[in-house]
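Participant: only the shape, not the letters, is given here:
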Ligand SMILES: O=C(O)CCC(=O)C(=O)O
Ligand SMILES: [Fe+2]
């Protein structure tokens, strides 16, 4: 056994199967999730029910995509898509203002909506068709299967979050209905021997939306800033578990009781690193407002109500400005 197996993970582990257990189990889940959200806003989730074979295929297809010749990736460049779907080249995003561009390439997938869908006709934010790689026959089916599975998993995690906040488990059902979700494939080449000052795989940032479910390969690199000590913790991959983190919307719901947490990636593994974040942002029309259980008597909400769509548009505007 190597040393890393003996070191407990830096972040708490949440067993999601407790959601289907006894009342005691559900209380245990609620309390451990509450602690995880208050302490880090970042945690591992195991017993999540997602098929390991599907996860294997997602990584295979992701690798195959990034291995395509540049010319084939260019044909499906994200800049050709009104819904922000497709390929984002290396250094295409700068998540940490003032730092060099991120040393990663990416690929964005969302719900497949054709031009006749009312949401597309109305020009709603990020809604539309995907751009699929023509030369990878298994890619679309694999990613669509994973996308659907993670929408369901997200809804379960939202139920658990509701319990952790003293709410009915169905509280977020309206939020979870017809959600706006983004599946993002990422590839981080090894950092160059002499990186630019401040150069990272992914600059320090918080995620915009509701929750993020992050699938990691076996390479380290993800670092999470401890909100209480300011230290950067290494979030090592744990086989069979996802990393889940709270996005910026959570502060609006909870009046800053739960917060999103800064994180970044520095791929010093010396090898290629692949990860697959899934951003669950919920129903675009859902109104995000201070939760009844998060407003003590005499307190005022720190944020005015907004909608999911308005919140996301504002966050995108700031990052890609
Ligand atoms: O690759 C990772 O481990 C993290 C990616 C991430 O934070 C993001 O895409 O928002
Ligand atoms: Fe992130």
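Facilitator: Thanks, I have it. A quick note: this is a predicted structure, and the numbers were derived from the prediction, not measured. Numbering: from 1, shown residues only. Ligands and ions are numbered 1, 2, ... in the order given.
Participant: tell me the bridge partners for the residue in the stretch 51-200 of the chain positioned nearest to ligand 1.
Facilitator: Closest to ligand 1 within the stretch 51-200 of the chain is residue 186: 5.0 Å, counting by Cβ to the nearest ligand atom. For every residue, glycine as well, the C-beta is placed using N, CA and C. On the basis of DSSP bridges, residue 186 is bridged to residue 106, residue 275.
Participant: give me the number of residues near it?
Facilitator: 22 (other Cβ atoms under 10 Å).
Participant: show me what contacts it?
Facilitator: 104-106, 202, 274-277 (Cβ atoms under 8 Å, 6 or more residues apart in numbering).
Participant: for ligand 1, give me its nearest residue in the stretch 151-300 of the chain.
Facilitator: Closest point on the stretch 151-300 of the chain to ligand 1, by Cβ to the nearest ligand atom, is residue 275, at 3.4 Å.
Participant: and that residue, what is it in contact with?
Facilitator: 186, 188, 214-217, 222, 265.
Participant: can you list those in JSON lines and add secondary structure and pLDDT?
Facilitator: Formatted as JSON lines, the contacts of residue 275 follow (DSSP: H, G, I helix; E, B strand; the rest coil; pLDDT from 0 to 100):
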{"residue": "186", "secondary structure": "strand", "pLDDT": "98"}
{"residue": "188", "secondary structure": "strand", "pLDDT": "97"}
{"residue": "214", "secondary structure": "strand", "pLDDT": "98"}
{"residue": "215", "secondary structure": "strand", "pLDDT": "98"}
{"residue": "216", "secondary structure": "strand", "pLDDT": "98"}
{"residue": "217", "secondary structure": "coil", "pLDDT": "98"}
{"residue": "222", "secondary structure": "strand", "pLDDT": "97"}
{"residue": "265", "secondary structure": "strand", "pLDDT": "97"}
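Participant: ok, so of those residues, who is nearest residue 60?
Facilitator: Looking at these and their distance to residue 60, the nearest is residue 217, at 11.3 Å (Cβ to Cβ).
Participant: ok, and the closest non-adjacent residue to the closest one?
Facilitator: residue 274 (4.8 Å; Cβ to Cβ, 6 or more residues apart in numbering).
Participant: ok so, going back, closest one of the contacts of residue 186 to residue 238?
Facilitator: residue 275 (13.5 Å).
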